[in-house]
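K.L.:
what's the 3D shape of this:
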Amino acid sequence: MKIIQFFKSKVFFIQVGLAIIGLLLFVFALQWWLGYTTNHDQKIQVPDLNKMSLAEVENTLNELNLTYEVIDSASYNPNFPKKSVIEQNPEVGDFVKEKRKIYLTLNPSKYKDVAIPDLNGKTKRQAITHLRSIGFLVGEDFTYVPDIGKDVVRGLKYKGKQVGLGDKLPKKSVINLILGDGTGN
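P.N.:
Predicted coordinates:
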């Protein structure tokens, strides 16, 4: 019975009222503090950094009180200058706050080097398919040597010099095939 009388008493209602007022004051103080410390009203529009060098990026971002971090180098893209920005996060036009880090992906200085596979004894069609699948271009300048197999690969040339198994060339290099003519012994 004493508990029920306590819930009906004036002291209980005063304590509940004080708790509600204290909670509201805490919430309003927290909201004001978060707005003040997080620069809630501040907006800086992210500039377009595509095709800029790192020096240009640094100057541009310093003016806006932003920072950057290089996270990766992508596959080489010949449409972009070497060592320039190819991708950024946050995107162009997004709004950020000061001292925000912009993550950049750079264009490497050249295509990645790829090892020459063993194609000796493969057919012309198999060799062309294999070379294209690993990123090489196949030239139309075929060299024929005396061999019993017609259109069987007997070697590879790059810029007029013969290359062999394990040699490394940049992707998109033009490789010419040395093929058997089918008339040899």
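K.L.:
What is the least confident helix or strand in the protein?
P.N.:
helix 2-8 (a mean of 80; mean pLDDT, DSSP states H and E).
K.L.:
Quick one: name whatever helix or strand follows that one.
P.N.:
Following helix 2-8 in sequence order, the next helix or strand is helix 10-37 (DSSP states H and E).
K.L.:
now that following helix: how far from the chain's centre is it?
P.N.:
Averaged C-alpha coordinates place helix 10-37 at 48 Å from its chain's average position (C-alpha atoms, centre = their mean, to the nearest Å).
K.L.:
In this model Ile175 seems to touch Met169, though I could be wrong.
P.N.:
Residue 169: Leu, not Met. Yes: Leu169 lies in contact with Ile175 (C-beta atoms under 8 Å); the separation is 7.4 Å. In short, each C-beta sits where N, CA and C put it, glycine included.
K.L.:
shared neighbours, the two?
P.N.:
Shared contacts of Leu169 and Ile175 (C-beta atoms under 8 Å, 6 or more residues apart in numbering): 136, 158, 163.
K.L.:
Generate TSV for those, with distance to Leu23, pLDDT and neighbour count as supplementary columns.
P.N.:
Output for the shared contacts of Leu169 and Ile175, formatted as TSV (distance: C-beta to C-beta, whole Å; pLDDT from 0 to 100; neighbours: other C-beta atoms under 10 Å):
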residue	distance to Leu23	pLDDT	neighbour count
Phe136	70	93	22
Tyr158	76	93	17
Val163	77	91	17
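K.L.:
Which member of those residues is positioned nearest Pro47?
P.N.:
Phe136 (37.9 Å; C-beta to C-beta).
K.L.:
residue contacts, that closest one?
P.N.:
Phe136 touches 114, 169, 171-175, counting by C-beta under 8 Å, 6+ apart.
K.L.:
mind redoing it with 10 Å?
P.N.:
By C-beta atoms under 10 Å, 6 or more residues apart in numbering, the contact list for Phe136 reads 114, 116-117, 128, 130, 156, 158, 169-175.
K.L.:
what do you get for Ile44?
P.N.:
61, 64-66, 94-100.
K.L.:
In the chain, what residue spans correspond to strands?
P.N.:
44-45, 67-73, 85-89, 95-96, 101-106, 113-115, 137-138, 143-145, 150-158, 161-163, 168-170, 174-181 (DSSP state E).
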